[in-house]
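1. Give me the fold of what follows.
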Amino acid sequence: MRRIVLVLASALSVGALQSASAADIPAPVYKAPPAAVVVRNWTGCYIGINGGYGIGHKDFIDVTTDASLGSHAASGGVAGGQVGCDYQTGPWVFGIRGIFDWADMTGSHINPAGTSIYKTRVQSFETAVGRVGYTLWPDTLVYALGGIAWVQERHTITDLAGVELGFANENRHGLTVGTGLEHMFAPGWSAFIEYDYIHCGCVVPVVPVPGAPPIPVPPLIDVKQNVSMVLVGVNYRFSIK
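-> Now for the predicted structure:
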């Protein structure tokens with residue numbers, strides 16, 4: 001009986017010591033997992049809208065006499081849309097893009113002889129370009145572009161009273177270069193600001209207006225044009241990780 005009492009006492013003492021030791025061990029601290037880092041990726045295709053302002057300098061030359069017919073600036077707003085695709089490798093982004101914009105760029109001048117007024121209205125333009133960009137930060141891209149531009153415009157020749165003498169509807173093409181900055185402000189969404197330069201030059205036939213006053217108009221005009229534009233826009237991107 002004495003042995004049983006000693007065994008029970010020893011067991012109770014060991015249990016008490018284990019309980020005390022367990023009470024001294026601090027409870028484990030659980031930390032929340034770190035927030036996931038969003039990695040921007042520019043690979044994918046996109047559509048978007050844009051708007052801006054353009055100024056074009058236009059020089060008119062009489063092809064038959066090589067005489068200057070004067071020059072003017074045509075300026076106004078532009079707006080339209082774009083579609084393109086990009087591929088990112090490391091910090092570099094390569095892509096292609098097409099733009100179609102309506103325009104209302106107008107201007108006029110009186111010819112050196114002081115007999116007629118030359119007016120211009122740029123109605124629309126399209127560009128197809130390649131882009132090369134570099135990511136300053138994962139969500140910010142600086143880029144350069146270059147390609148082909150097409151411009152639709154109308155030239156009108158009137159007398160000083162505004163009576164139309166002749167006109168030329170023109171679909172011209174030329175080269176374009178530019179540079180811009182694009183920022184991805186949310187997954188799949190980006191905004192950009194861009195400067196573009198378009199150079200065109202071509203000979204256009206002038207269509208005389210039947211019954212117009214007898215002021216001669218040149219049959220062929222060489223219209224050289226340089227356009228500078230600033231565009232801002234928003235793109236929605238597909239397949240962005």
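2. Name the residues that touch stretch 201-215?
-> With Cβ atoms under 8 Å, 6 or more residues apart in numbering as the test, stretch 201-215 has contacts from 63, 115-116, 155, 157, 159, 163-168, 170, 172, 174, 217-225. In this view, the C-beta of every residue, glycine as well, is placed from N, C-alpha and C.
3. the bottom helix or strand of this structure by mean pLDDT?
-> Within the chain, no helix or strand scores below helix 2-24, which has a mean of 48 by mean pLDDT, DSSP states H and E.
4. helices or strands up against the helix or strand just after that helix?
-> Counting by DSSP states H and E, the next helix or strand C-terminal to helix 2-24 is strand 44-62. For strand 44-62, the elements it packs on are strand 67-89, strand 92-110, strand 116-137, strand 220-237, judged by 3 or more Cβ pairs under 8 Å, 6 or more residues apart in numbering; DSSP states H and E.
5. tell me the mean pLDDT for strand 44-62?
-> The average pLDDT for strand 44-62 rounds to 96.
6. do the same with stretch 108-127
-> 96.
7. From the chain's centroid, how far away is it?
-> Here the centre of stretch 108-127 is set off from its chain's centre by 28 Å, with Cα atoms, centre = their mean, to the nearest Å.
8. How about stretch 211-224?
-> Worked out by Cα atoms, centre = their mean, stretch 211-224 lies 38 Å from the chain centre.
9. Output that stretch as CSV, nothing but the C-alphas.
-> Extracted C-alpha coordinates of stretch 211-224, given in CSV (Å, rounded to 0.1, in the frame of the first residue of the first chain):
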residue,chain,number,x,y,z
GLY,A,211,-18.8,79.2,-115.0
ALA,A,212,-16.3,80.5,-112.4
PRO,A,213,-14.9,84.1,-112.8
PRO,A,214,-12.1,84.3,-115.4
ILE,A,215,-9.2,84.1,-112.9
PRO,A,216,-6.7,81.5,-113.9
VAL,A,217,-6.0,78.6,-111.6
PRO,A,218,-2.9,76.4,-112.0
PRO,A,219,-3.8,73.0,-113.5
LEU,A,220,-1.3,71.2,-111.2
ILE,A,221,-0.2,72.1,-107.7
ASP,A,222,2.6,70.6,-105.6
VAL,A,223,1.5,70.7,-102.0
LYS,A,224,4.2,70.0,-99.5
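10. Could I get the pLDDT score of Ala212?
-> At Ala212, pLDDT is 71.
11. scratch that, Val207 is what I was asking about
-> In this model, Val207 carries a pLDDT of 81.
12. From Ala113, how far out is it?
-> Per Cβ to Cβ, to the nearest Å, Val207 is found 20 Å from Ala113.
13. For Thr179, name its beta-bridge partners.
-> Ala144, Tyr195 (DSSP bridges).
14. Tell me how many other residues surround it.
-> 15 (other Cβ atoms under 10 Å).
15. cool, Cys45 as well?
-> 16.
16. That one against Ser239, yeah?
-> Yes. Between Cys45 and Ser239 there is a contact at 6.9 Å, judged by Cβ atoms under 8 Å.
17. Spit out the residues that contact those two alike.
-> By Cβ under 8 Å, 6+ apart, no residue touches both Cys45 and Ser239.
18. Output the helices and strands packed on strand 44-62 as CSV; include the columns mean neighbour count and distance to Gly188.
-> Formatted as CSV, those follow (neighbours: other Cβ atoms under 10 Å; distance: least, Cβ to Cβ, whole Å):
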stretch, mean neighbour count, distance to Gly188
strand 67-89, 17, 13
strand 92-110, 18, 15
strand 116-137, 19, 16
strand 220-237, 19, 5
